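>>> what would the 3D arrangement of this be:
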Amino acid sequence: QVQLVESGGGLVQAGGSLRLSCAASGRTFSSAAMGWFRAAPGKEREFVAFVSRSYGITYYADSVKGRFTISRDNAKNTGYLQMNSLKPEDTAVYYCAVDYDIPTIRRQDAKKYAYWGQGTQVTVSS
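Model (predicted):
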């Protein structure tokens with residue numbers, strides 16, 4: 001089992017920045033691929049970013065490319081999502097997820113992730 005705890009959400013003005021953290025415990029974090037997803041009110045959960053278990057290769061949704069950066073610190077068992085130039089449309093609950101077997105090609109499929117955090121609210125005001 002893996003436990004994930006997100007933190008770092010909050011209220012920020014448009015154009016501002018936030019850094020989300022995802023602290024993992026229970027299994028070797030470095031062996032897992034990690035993704036970030038978000039769910040806005042009335043919308044389905046959508047893929048935001050992914051970092052692979054090997055080599056730390058990253059992928060982003062087009063809507064956040066160039067503004068968000070996913071990273072991981074395996075020594076601290078923690079993943080991060082740095083969010084810059086935030087927009088009101090970025091408002092959502094953000095979730096981190098990990099999986100030990102997900103192929104990179106399925107990175108956008110939320111159903112392929114076995115472990116999820118509880119989510120952290122990000123609100124961007126205009």
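>>> contacts, neighbours, all on C-alpha from now
Noted.
>>> distance of the closest residue to residue 26 other than its chain neighbours from residue 22?
The shortest distance from residue 26 to any non-neighbouring residue, by C-alpha to C-alpha, 6 or more residues apart in numbering, is to residue 2 (4.7 Å). Relative to residue 22, residue 2 is positioned 12 Å away (C-alpha to C-alpha, to the nearest Å).
>>> out of these two, which sits in the more crowded spot?
Remark: of residue 2 and residue 22, residue 22 carries more neighbours, 25 against 16, as counted by other C-alpha atoms under 10 Å.
>>> neighbouring contacts of the helix or strand containing that one?
Assigned by DSSP states H and E, residue 22 belongs to strand 18-25. Outside strand 18-25, the residues within contact range by C-alpha atoms under 8 Å, 6 or more residues apart in numbering are 2-10, 12, 77-84, 96, 117.
>>> can you pull the buried residues of it?
For strand 18-25, burial by neighbour count (16 or more other C-alpha atoms under 10 Å) applies to 18-24.
>>> and stretch 115-124, by the same measure?
For stretch 115-124, using 16+ other C-alpha under 10 Å, the buried residues are 115-117, 119-124.
>>> quick check, pLDDT for the most centrally placed residue in the chain.
Central residue of the chain (C-alpha atoms, centre = their mean): residue 36, 2.2 Å from the mean position. If you check residue 36, the pLDDT there is 98.
>>> for the buried residues of stretch 115-124, give me TSV that also has secondary structure.
Shown next, in TSV, are those (DSSP: H, G, I helix; E, B strand; the rest coil):
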residue	secondary structure
115	strand
116	strand
117	coil
119	coil
120	strand
121	strand
122	strand
123	strand
124	strand
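>>> where does the prediction get shaky in the chain?
Nowhere does the chain drop to pLDDT under 70.
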